[in-house]
Every structure is written in C-alpha cells, then in structure tokens.
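K.L.:
next input, structure requested:
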Amino acid sequence: MKKNTTIIGAGLVGSLLSIYLAKRGYKVSIYERRDDMRKAKLSAGRSINLALSDRGLLALEKIGLADEIRKISIPMHCRFIHNVDGTTVTQPYGKEGQFINTVSRATLNMRLMDLAEENGVEILFNHK
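P.N.:
Model prediction:
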C-alpha cells in the first residue's frame, strides 16, 4: 500500500481523484464539510446541470463509469442565444454530429462517491 492521502472536499473533482488514487494503491480519506448528500433530502438547489465534454467522459471511462453516465445524459448540439432585440441564434458546440452532454451534477457526484467507497476510499462528512 502506498502512502495515506487526504483530499479536502467530496465534490466531483475530489471524488474522481480519490478513485484514481485508490486504483493506484493509495489509502485515501476525503474530508467533506457538508452532510452526505446521498442521505439528505435534496432540493434542486442553486447548482445547474453539468456540461460533460468528451474529455470529461474520457475521465469517467477510465474509472468504468462512462456508460452508466451516458444513459442519464442528454446531448446538447448547440447553445441557443436570445439577443436583446428579441432575435435568436444558435451556435453549434462542434462540427456536424458533435455535441456535449448535460447531466445532473448531484447524480454524478453521488455516483462518484459510491464508486470511491467501493474502491476503499473513506469519506468523512461534517468535517471542516
């Protein structure tokens, strides 16, 4: 077993990093200041969905989560812009047939925390 590693924050980045490190043999502990969002009653909150690009999906692919997340993602082919004069215009996110995906930030975060724990990561909630 490699060195003990501490991560501050069980958000998307902290949870994802913990999985990568645990898979490489590190003993990982995450300290999170909030309650366990998987056990709390969640409202929609102030967080918006996450736009997940190919790079984000690649990171999830490397930990075995991409296919599961693709199933709950919605493709976004372009952004829709409302101009001040009332007209609208679209801007594609890439070339023909390319798109980014939108996914619930909370759902993705909870699944990453589950996978982190499945890989031996200890998540300590309500710690500042």
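
K.L.:
when you work out contacts or count neighbours from here on, use the C-alpha atoms and nothing else.
P.N.:
Fine.

K.L.:
look up phi and psi at the closest residue to N4 other than its chain neighbours.
P.N.:
What sits nearest to N4 in space, not counting adjacent residues and going by Cα to Cα, 6 or more residues apart in numbering, is K27, at 4.8 Å. Backbone geometry at K27, expressed as degrees, to the nearest 10, gives phi -90, psi 110.

K.L.:
again, but for A59
P.N.:
Dihedral angles for A59 - degrees, to the nearest 10 - are phi -60, psi -40.

K.L.:
separation between the closest residue to G11 other than its chain neighbours and I81?
P.N.:
Among residues not flanking G11 along the chain, N109 sits closest, at 6.3 Å (Cα to Cα, 6+ apart). Using Cα to Cα, to the nearest Å, we find N109 at a distance of 29 Å from I81.

K.L.:
so between the two, which is more surrounded?
P.N.:
The neighbour count for N109 versus I81, taken as other Cα atoms under 10 Å, is higher for N109 (20 against 12).
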